[in-house]
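Participant: Have a look; sequence and predicted model below, questions after that.
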Amino acid sequence: MTSTGGVMELYAPITVSSITDEFPGHAIFRRIQSPNNGDLVFSDPLLPNDHLNPGKKKKKKKNLMMRKMMKKNGSRVWRVKLAICPQQLTQILSRDAPTLALIDSVRTVAKCGGMPTFVGKNKKQIFGKIREKVEAKLQGWKMVLFSQAGKEILIKAVIQVIPCYVMSCFRITKGIIHEIESLIARFWWGSTSNKHKIHWGNWRKLCKLKENGGMGFRDLEDFNQSILAKQGWKLITEPDCLLSRVLKALYFPNETFFEANLGHFGSSVWKGILWGRDLLAKGYRWCVGNGAKIRVNEDPWLPRQIPFHLRTKVPIPKDVTLNSLITANGDWKINEVNSWFHKDDIPWVLGIIPSTHNPDWITWGLTNNGKYSVASGYKLRFNNPDWAACSNNSKLRAWWKFIWGSSLTPKMKNFIWKVFNHWLPTKVDLRKRGMDVLTICDICLQQEENITHALWCCPTVQKTWKRLGYSKLKDCNIHSASEFLWWQWEHLSKEEFIRFVGFTWLIWQRRNQFVFQHRNPNITYWVPWAIETLDQHLGLQHHDPSNSQPKSSSTWTPPPHGMLLINTDASLVQGQEGCGISAAIRNDRGALIVAKTRYIPGCMAVNLAEAAAIHLGIQLAEKWSIKNAWVASDSKIIISAIVNGSSSQTDWGQLVKTIIQMKTQFQSLQFLFYTRNCNKLANCLARWSRVTQKSEMRTDSLPPCAAACLIADVPSAA
């Protein structure tokens, strides 16, 4: 693909030598000269030979010619598709250079595999097809057939998937994105070309995560950047793949990806990847191996919440790396750490366990496995400006998680979402939106109809609530529906609150029947009907407890005869200084053989601490010449990684690799997940180590708390 002019396709079998040495006229051929790249750059067979040469005789003749070429040059021949601008095509065909390219056909193309082959200045014309597809899909649906819960599924599963393929390679213009989002918003709120509806909330609110009070729709611009960031992540983590090698040879042959610039002839694809790199720069972090690649001041490497850089830069030269602070044994030089770094950074530095036998590597700091995901990038991109938007954010998240995860039907959940955001078309709210309507309630004819009045505080409605068994509602002087719901949630049980929301939905349906259909059902008959209807709705959502998984054992289980059990655990308070890890080896009767604790000054992540505890237990077993053992931990993530032999790009990934390598030194070593109740002894020892800040090894007497756990597990072991 070229950066100027129109685009033509040349289908031809071309030898590797002709591409890398003799094929004229295109920058990519001149720049990619290494033999490692030459074999792969154009090795995709994109078009079958039969398509270009339908005649059998011609096909045989051509294959014979290709075999002769291979024999003559000793190189492999690939059938390729090239994109060359017309201005250069004339020069290529007119030159007398000895090229082995056999041109079969030349034809103008606009797309390749559904992608535009060329993006010029008029991007709206190129990407406008996406908008047309979205509009055609939306117009093909009959809006009256879908509830708002149904529309939510259609938008997420169909509409917002349409632009994903193009977004994975190009940055879509803001104008096109705005038009697509406008089409989706009109569909969501029920507007058509002939009928305009009120848009109660802006698109940004709808795009918030459900747990933050939104509907979870994608902000397409944020999603576009997060999906392009995945292409950049591939360049970082897979430097030997074809994409990485081509782009590196073209744009940053002597630099790292984070140091690369746009250049003079950067393609639209490269521009998009650089835009995605801006997002990667906010969430990537270096993991400390030998420290040779990590610059102390310039690079992000502290394993805490964003940002990962030092709080205060150290007064040292710019290019000083971290290995100057690490001893040959892999320990930190405590004096230098305490004198160099800010007091808030020191615990995070000391909580890192260097892996001196491995080079430093890059991890994504927002996922458990250290690999970049589009979802984590999108959350970072979308939520980053709003982290401090609400002081009681944790309470609101708990509220919304309860609502969306409850047994309410989708219609009820969407309804209460509107109520909480004050998006119901009551008369007061319609008046606020500029409609000329009387605000007096049609039912009581006494007070203005706002949301709290229509649903809970109208005198007629309150009689209904008393019949339903809710005689104690909040003071109706409160005009905020969100505060009213919040009060009910805090004062009712979860089951009562779910039924309260369900009855609120039914009362709103009753209000609409009265206002629009002039139907006023008798309360004596309506209440039993409402109770039965709600029971039916909630009954469909009820989960059978018999299908739930059986409870795991809550007591310590001894290993088989002749086998030893190594219990390991870690104790820490997230974000606070100091961590204790422990390992206790016991025989098949539960008697203690040896126990060891280690105190680590500094702040550690939970998974890293759990992996360090398992590593401590295996080292202890090696020291005591144990060959057959079980290793038990209450960290399911670490145990699964060890059992599956899967490595991770996180801090604890190298420890897991080391543990897997150490496993070969034993005759039999199995790794098991134990619940916290089955791991009390190791947990107590780790907590004791953290509190007392002691590192010890014991074979007989244990701290009182640990001795009590040992007796509780197996009384005879005492």
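Facilitator: In hand now; what should we look at? Residues are numbered from 1 along each chain as shown.
Participant: got the residue ranges for the strands in the stretch 551-700 of the chain?
Facilitator: In chain order, the stretch 551-700 of the chain shows strands spanning 564-572, 579-586, 592-600, 628-633, 668-673, 697-698, with DSSP state E, counting those that start in this stretch as the criterion.
Participant: For residue 320, which of these is the nearest?
Facilitator: Proximity of the strands of the stretch 551-700 of the chain to residue 320 was assessed by Cβ to Cβ; the nearest stretch is strand 592-600, lying at 25.2 Å. The way it works is simple: take the backbone N, C-alpha and C, and place the C-beta from them, glycine included.
Participant: Tell me the buried residues in the closest one?
Facilitator: 592-600 (16 or more other Cβ atoms under 10 Å).
Participant: Out of the residues you listed, which comes closest to residue 691?
Facilitator: Closest to residue 691 out of the buried residues of strand 592-600 is residue 599 (9.5 Å), distances taken as Cβ to Cβ.
Participant: secondary structure element for residue 188?
Facilitator: Here residue 188, judged by DSSP states H and E, is contained in helix 174-189.
Participant: Average pLDDT for that helix, rounded please.
Facilitator: If you average the pLDDT over helix 174-189, you get 95.
Participant: Not counting it itself, show me its contacts.
Facilitator: By Cβ atoms under 8 Å, 6 or more residues apart in numbering, the surrounding residues in contact with helix 174-189 are 123-124, 127-128, 130-131, 134-135, 138, 143, 148, 151-152, 155, 159-160, 163, 192, 197-200, 203, 206, 217, 219-221, 224.
Participant: Let's see which of those residues end up in helices.
Facilitator: With helices identified by DSSP state H, the entries of those that belong to them are 123-124, 127-128, 130-131, 134-135, 138, 148, 151-152, 155, 203, 206, 220-221, 224.
Participant: so what's residue 281 up against?
Facilitator: For residue 281, the set of contacting residues under the criterion of Cβ under 8 Å, 6+ apart consists of residue 258.
Participant: hmm, back to that, just the buried ones among the contacts of helix 174-189, please.
Facilitator: Among the contacts of helix 174-189, the ones that count as buried by 16+ other Cβ under 10 Å are 123, 127, 130-131, 134, 138, 148, 151-152, 155, 159-160, 163, 199-200, 203, 206, 217, 219-221, 224.
Participant: in the helix ranked longest in the chain, what's buried?
Facilitator: Secondary structure of the chain read by DSSP H shows that its longest helix is helix 494-517. By neighbour count with 16+ other Cβ under 10 Å, helix 494-517 contains the buried residues 497-508, 510-511.
Participant: in the stretch 201-350 of the chain, which spans are strands?
Facilitator: Counting by DSSP E, counting those that start in this stretch, one finds strands in the stretch 201-350 of the chain at the ranges 284-287.
Participant: what do you get for the stretch 351-500 of the chain?
Facilitator: With DSSP E, counting those that start in this stretch as the criterion, the stretch 351-500 of the chain has strands spanning 361-364.
Participant: Can you list the low-confidence ranges for it?
Facilitator: Judged against pLDDT under 70, the low-scoring parts of the stretch 351-500 of the chain cover residues 384-392, 472, 474-478.
Participant: which residue ranges form the helices in the stretch 601-718 of the chain?
Facilitator: With DSSP state H, counting those that start in this stretch applied, the stretch 601-718 of the chain shows helices at 606-623, 636-644, 651-662, 680-692, 704-713, listed in chain order.
Participant: In terms of residue numbering, what are the domains of the chain?
Facilitator: Using automatic domain parsing, the domain ranges for the chain come out as 8-116, 123-200, 408-542, 564-717.
Participant: Quick check: end-to-end length of the second one?
Facilitator: Using Cα to Cα, to the nearest Å, the span of domain 123-200 from its first residue to its last is 32 Å.
Participant: now the buried residues of helix 494-517 as CSV including distance to residue 319?
Facilitator: Supplementary listing: the buried residues of helix 494-517 in CSV, determined by distance: Cβ to Cβ, whole Å:
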residue, distance to residue 319
497, 60
498, 61
499, 66
500, 64
501, 60
502, 65
503, 68
504, 64
505, 64
506, 69
507, 69
508, 66
510, 73
511, 71
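Participant: Output the below-cut-off pLDDT ranges for this structure.
Facilitator: 1-118, 120, 384-392, 472, 474-478, 540-554, 715-718.
Participant: What residues of the helix holding residue 188 count as buried?
Facilitator: Neighbour-count burial for helix 174-189 flags 176-177, 179-181, 183-189 (criterion: 16+ other Cβ under 10 Å).
Participant: likewise stretch 230-243?
Facilitator: By neighbour count on 16+ other Cβ under 10 Å, the buried set for stretch 230-243 is 230-237.
Participant: How about stretch 342-354?
Facilitator: For stretch 342-354, burial by neighbour count (16+ other Cβ under 10 Å) applies to 345-354.
Participant: Check the offset of stretch 500-508 from the chain's centre.
Facilitator: Its chain's average C-alpha position is 35 Å from that of stretch 500-508, according to Cα atoms, centre = their mean, to the nearest Å.
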